[in-house]
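**Q** predicted model and sequence follow; I will ask about them next.
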Amino acid sequence: KEVEKLGRYDGALNLARAFNQEGVVNEPKLKDDAVRALARAVGFAKPRAPSWTVAWLSGILHQQQNNHKAAEQNFRDVLDSKTQEMVDRGFDFSLDYRVRVMLAQTLFDQARGVRLDEPPADPAALKKYEQRKTARTAYLDAAVVEVKKALQGDPENFRAHYLLSQVYKELTNADLDRK
């Protein structure tokens with residue numbers, strides 16, 4: 001808080017990190033404190049908070065609050081961004097296997113949010129069922145792609161291997177055969 005009073009983004013950004021690290025975002029009364037601190041960090045202009053750090057932490061916070069679409073976009077922003085500052089500093093987050101695993105987890109969570117019961121007999125309902133099934137499979141396929149990219153960076157990453165096993169459990173045998 002004192003660093004933030006000095007007019008630097010670091011104070012608010014690190015406060016958001018601390019709230020996240022301490023698990024404050026899971027407490028009902030305090031869960032938005034990390035989000036507010038992060039928003040304050042973004043508000044600083046000179047110097048500006050690093051966009052990659054803001055996107056990464058935003059993704060984590062969105063994921064914890066079950067806002068998976070926003071989390072997915074935040075993690076993709078980290079992995080896909082190439083600013084001049086990043087180039088100058090030698091940063092290439094497309095190689096960050098930890099963020100890839102976070103993205104894959106977010107995709108997996110989105111797939112699990114698409115519920116599929118038995119296929120209905122009604123043709124109109126069956127069409128909607130098939131659309132949900134296609135969307136679910138697309139999330140699972142994308143999760144497999146991201147986990148495999150993460151494993152290229154760290155072949156022994158336990159979290160990636162565990163997540164891949166979970167994704168495969170969700171896929172049907174027919175889907176697995178085409179992998």
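**A** In hand now; what should we look at?
**Q** quick one: low-confidence ranges for this protein?
**A** 24-26, 28-31, 173-179 (pLDDT under 70).
**Q** what do you get if the cut-off is 50, keeping everything else the same?
**A** Applying pLDDT under 50 to the chain picks out residues 173-174, 176-179.
**Q** E118 is in what secondary structure piece?
**A** Assigned by DSSP states H and E, E118 belongs to neither a helix nor a strand.
**Q** distance of it from Y129?
**A** 9 Å (CB to CB, to the nearest Å). Quick note: C-beta positions are derived from backbone N, CA and C, even for glycine.
**Q** the more surrounded of the two?
**A** Y129 (16 against 6; other CB atoms under 10 Å).
**Q** show me what contacts that one?
**A** Taking CB atoms under 8 Å, 6 or more residues apart in numbering, we find Y129 in contact with L116, P119, P120.
**Q** what is the burial count for the first one?
**A** Around L116 there are 11 other residues, counting by other CB under 10 Å.
**Q** please enumerate the helices of this protein.
**A** Under the criterion DSSP state H, the chain contains helices at 2-5, 9-21, 31-42, 51-64, 68-80, 84-89, 97-112, 123-153, 158-170, 173-177.
**Q** my guess is S58 contacts L38, does it?
**A** Yes. The criterion here is CB atoms under 8 Å, and S58 meets it with L38 at 6.4 Å.
**Q** what's the nearest residue to L171 once chain neighbours are set aside in contact with, if anything?
**A** With CB to CB, 6 or more residues apart in numbering as the criterion, L171 has its nearest non-adjacent residue at 5.5 Å, and that residue is L140. Neighbour list for L140: L107, F108, A111, V167, E170, L171, D175 [criterion: CB under 8 Å, 6+ apart].
**Q** how much space between L140 and K133?
**A** Going from L140 to K133 by CB to CB gives 11 Å.
**Q** again with A143
**A** Applying CB to CB, the value for A143 to K133 is 16 Å.
**Q** okay, the two: which has more neighbours?
**A** Counted by other CB under 10 Å, A143 and K133 do not tie: A143 has more neighbours, with 27 against 14.
**Q** contacts only, for the closest residue to that one other than its chain neighbours.
**A** In this structure, A143 finds its nearest non-sequential neighbour in L107, 4.0 Å apart by CB to CB, 6+ apart. Each residue near L107 by CB under 8 Å, 6+ apart is listed here: E72, Y139, L140, A142, A143, E146.
**Q** would JSON lines of these with distance to L15 be doable?
**A** Listed next are the contacts of L107 as JSON lines, based on distance: CB to CB, whole Å:
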{"residue": "E72", "distance to L15": "25"}
{"residue": "Y139", "distance to L15": "33"}
{"residue": "L140", "distance to L15": "36"}
{"residue": "A142", "distance to L15": "33"}
{"residue": "A143", "distance to L15": "32"}
{"residue": "E146", "distance to L15": "30"}
